[in-house]
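Chemist: no letters, just coordinates:
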């Protein structure tokens, strides 16, 4: 594992407990982990079939299959309910996990050490000072908690010692506080008001509560500070609720409804996306996927106890776009929309998209298209032939990169480098196919789609095909040149993320 | 850059497989640069003609793993009704969720995000032991398995020996 990054090292698993004395915690930890992502539950949600998954996991599953991944019962996102008790349990467990695991991994030599050595070794220092010799025996009898120590193993003793130590440090201050209020009432013949704890004569209490009792002791203090604001009767409870209310106010409250995409026209869908502040680029399919993913991310975020900011969600969406949604193309889609760094405005993009749609149309007039753009095709052929010489020199490397199916780099750089008209057509053609391929225009006389599909599946083969078509006078614009391939090799999308 | 869902989950599975290796199975990413590409070794199950063999295979995971299944391909020669001559494994657990358009498999047998590399490899081991000849990937092997079982077993044994260099 040490070869991976820091974050990879943080990936934990329930099997970490194996080969430790606490191996029995493995099933406990398993119960705190989502079946889909195998990580600790993040905003656990209950399905109608009473299974629990992370909010994001189950929402993704339902958007793919509409079925519970465990029992395959049909379910809907709107029926999911939060499992907040589990959320708290997971939070508590994850907080203590590290300490527990460290404890479980204490080398056995320390555990097996005789007690008098224990006293002088580093962890139980407090133990040594607090309880030594016979005193320890006494405490064993006095405290029922410690009488649980029936197992005589050294490990158990050590556990108890450490637990005790923690407990001591935890309880000491609060115990002191308790003493102030309750344990040792001053012997002054007065009683404390049950609400504000002010001390008074017994017969005064009723009238005090009816008229002048300010509420809790803190409120009394506030009153003493001459700030007569109306106090709720149970301020401590309210303040706790208030905290929750506050977090609820901070979180994005409205869940987004799912859209029936089949009922929406392209323009309407684009409008919805732009209303949400999302990119409106890409094929219809990509638009739908993007919208769906955003709703999933957004709604899952609504379930979170610590919701992310919108900008973080947008980053998540961008990440999704780069890896899952439309690997490679996002630098054109999201990159342009969000950063606008490519130096090409959105105008050509929109036109390119329109052109792409036109070509895809069944009644597309290939001849007219060929006549109209014949000149550009000619230029492109020339350019392609020039390019091929370089490409052949650099071919091996190129093929290798191409096979990875991550040709994002050269695509995004080509529009800037090609003459505008060519760039436009290139964009149009390539945007008609979902995953980006090295820029290629297939003249309308031959059907554009199958060839593209083939290219996506077998890039190596496609390269040959590209060369053939170029030789036979067909068009290969934007043939990746040496520099461009380098660009793409500098941006290995997936691996670079790790 | 942070790990995405697929990478994180694969690391998790790798950790689990390292901490608690199941019998007869070894698997892990080929390189730290690409967590979506794994190599694995499967032992031939005992009591089958594959016994004694060790079969290397590669697993390729999609970017939306675990919502979509990986593909699995044997790197050596595996003569089996459910393994294409190319080595690609055809088994219901590796088929994406939803119903099979050919109605060979019910949805319950197909991929679900709760499955894992370990479960896939265990399924493949049991597939080696008990072929499913309903939708054969290798028709020749399926026919031979159905009609001339002893010839099938002899052929498998021979290829296992050959793969071990005996």
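Modeler: Yep, that arrived. Remember, predicted model here, so these are calculated numbers, not experimental data.

Chemist: neighbours around whatever residue of chain A ends up closest to chain B, how many?
Modeler: Here the residue of chain A nearest chain B is residue A:15; by CB to the nearest CB that distance is 3.5 Å. Glycine gets a C-beta too; all of them are placed from N, C-alpha and C. Neighbour count of residue A:15, defined by other CB atoms under 10 Å in any protein chain shown: 19.

Chemist: show me the shaky parts of the chain.
Modeler: With no chain named, the answer covers chain A. A:1-9, A:107-187, A:215-253, A:326-365, A:367, A:390-498 (pLDDT under 70).

Chemist: was after chain B, sorry
Modeler: In chain B (pLDDT under 70), the answer is B:1-2, B:98-108.

Chemist: so which residues of it form helices?
Modeler: For chain B, the helices defined by DSSP state H cover B:5-19, B:117-129, B:139-147, B:149-163.

Chemist: among those, which is the most enclosed?
Modeler: Mean neighbours per residue, mean count of other CB atoms under 10 Å in any protein chain shown, is largest over the helices of chain B for helix B:5-19, with a mean of 22.

Chemist: give me the contacts around it.
Modeler: Contact with helix B:5-19 is made by A:1, A:4, A:8, A:11-16, A:18-19, A:37-39, A:323-324, A:494, A:497-498, B:3, B:25-29, B:35-36, B:38, B:61-66, B:116-118, as judged by CB atoms under 8 Å, 6 or more residues apart in numbering or on different chains.

Chemist: still on that earlier bit, can you redo the helices of chain B as TSV with distance to residue B:89?
Modeler: Shown next, in TSV, are the helices of chain B (distance: least, CB to CB, whole Å):
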stretch	distance to residue B:89
helix B:5-19	18
helix B:117-129	6
helix B:139-147	13
helix B:149-163	16
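
Chemist: looking at those, which is closest to residue A:379?
Modeler: Proximity to residue A:379 (CB to CB) singles out helix B:5-19 among the helices of chain B, at 42.1 Å.

Chemist: list the contacts for the closest residue to residue B:45 other than its chain neighbours?
Modeler: Distance criterion CB to CB, 6 or more residues apart in numbering or on different chains; nearest residue to residue B:45, sequence neighbours excluded, is residue B:129 at 4.5 Å. By CB under 8 Å, 6+ apart, residue B:129 lies in contact with B:45, B:47-48, B:50.

Chemist: run the last query once more with 10 Å
Modeler: Residue B:129 sits next to B:44-51 when contact means CB atoms under 10 Å, 6 or more residues apart in numbering or on different chains.

Chemist: in ChimeraX, select just the buried ones from those.
Modeler: ChimeraX command restricting the contacts of residue B:129 to the buried ones, with burial defined by 16 or more other CB atoms under 10 Å in any protein chain shown:
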select /B:44,45,48,49,50
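
Chemist: nearest to chain A, of the contacts of residue B:129?
Modeler: residue B:45 (23.9 Å).

Chemist: wait, a strand at residue A:259?
Modeler: No - looking at residue A:259 with DSSP: H, G, I helix; E, B strand; the rest coil, it is coil, so not inside a strand.

Chemist: okay, which residue is most central for chain B?
Modeler: Per CA atoms, centre = their mean, the C-alpha nearest to the average position across chain B is that of residue B:124, at 4.3 Å.

Chemist: residue contacts, that one?
Modeler: The contact partners of residue B:124, by CB under 10 Å, 6+ apart, come to B:25, B:40, B:42, B:45, B:55, B:57, B:72, B:74, B:78, B:80, B:82-83, B:89, B:91, B:93-94.

Chemist: can you rerun that using 8 Å?
Modeler: Counted by CB under 8 Å, 6+ apart, residue B:124 has contacts B:42, B:57, B:72, B:89, B:91.

Chemist: can you check residue A:273 too?
Modeler: If you count contacts by CB under 8 Å, 6+ apart, then residue A:273 has A:279-280, A:287, A:290-291 around it.

Chemist: and the helix or strand hosting it, what's buried?
Modeler: Following DSSP states H and E, one finds residue A:273 within helix A:266-275. Within helix A:266-275, the residues scored as buried using 16+ other CB under 10 Å are A:269-270, A:272-273.

Chemist: for chain A, what is the nearest residue in chain B?
Modeler: residue B:19 (3.5 Å).

Chemist: any idea which helix is longest in chain A?
Modeler: Chain A, longest helix under DSSP H: helix A:366-393.

Chemist: and that one, what other elements does it pack with?
Modeler: With contacts taken as 3 or more CB pairs under 8 Å, 6 or more residues apart in numbering or on different chains; DSSP states H and E, helix A:366-393 sits against helix A:420-431, helix A:459-471.

Chemist: near chain A, which residues of chain B are found?
Modeler: Counting by CB under 8 Å from any CB of the partner chain, the residues of chain B close to chain A are B:1-9, B:11-13, B:15-16, B:18-20, B:32-36, B:63-64, B:66-68, B:97-98, B:107-108, B:112-114, B:116.

Chemist: between the host helix or strand of residue A:302 and helix A:266-275, how many degrees?
Modeler: Here residue A:302, judged by DSSP H and E, is contained in helix A:284-303. Angle, helix A:284-303 to helix A:266-275, by axes from the mean of the first three to the mean of the last three CA atoms, to 10 degrees: 40 degrees.

Chemist: just the buried positions in helix A:284-303, please.
Modeler: Buried, per 16+ other CB under 10 Å, within helix A:284-303: A:284, A:286-303.

Chemist: before we move on, what about stretch B:84-101?
Modeler: B:84, B:87, B:89-95, B:97.

Chemist: do the same with stretch B:66-79
Modeler: B:66-70, B:72-74, B:78-79.

Chemist: how about stretch A:378-390?
Modeler: Those would be A:379-381, A:383-384, A:387-388, A:390, for stretch A:378-390 by 16+ other CB under 10 Å.

Chemist: same deal with stretch A:311-319?
Modeler: Neighbour-count burial for stretch A:311-319 flags A:313-314, A:316-319 (criterion: 16+ other CB under 10 Å).

Chemist: can you list the domains in chain A?
Modeler: A:11-103, A:109-237, A:261-325, A:348-488 (automatic domain parsing).

Chemist: still on that earlier bit, among the contacts of helix B:5-19, which are in strands?
Modeler: Mapping those onto strands (DSSP state E) picks out B:25-29, B:35-36, B:38.

Chemist: closest to residue A:68 among those residues?
Modeler: residue B:36 (26.1 Å).

Chemist: contacts only, for the closest one.
Modeler: A:494, B:6-7, B:10, B:60-63, B:65.

Chemist: save those residues as TSV, and put in distance to residue A:96 too.
Modeler: Shown next, in TSV, are the contacts of residue B:36 (distance: CB to CB, whole Å):
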residue	distance to residue A:96
A:494	35
B:6	29
B:7	27
B:10	27
B:60	38
B:61	33
B:62	36
B:63	34
B:65	31
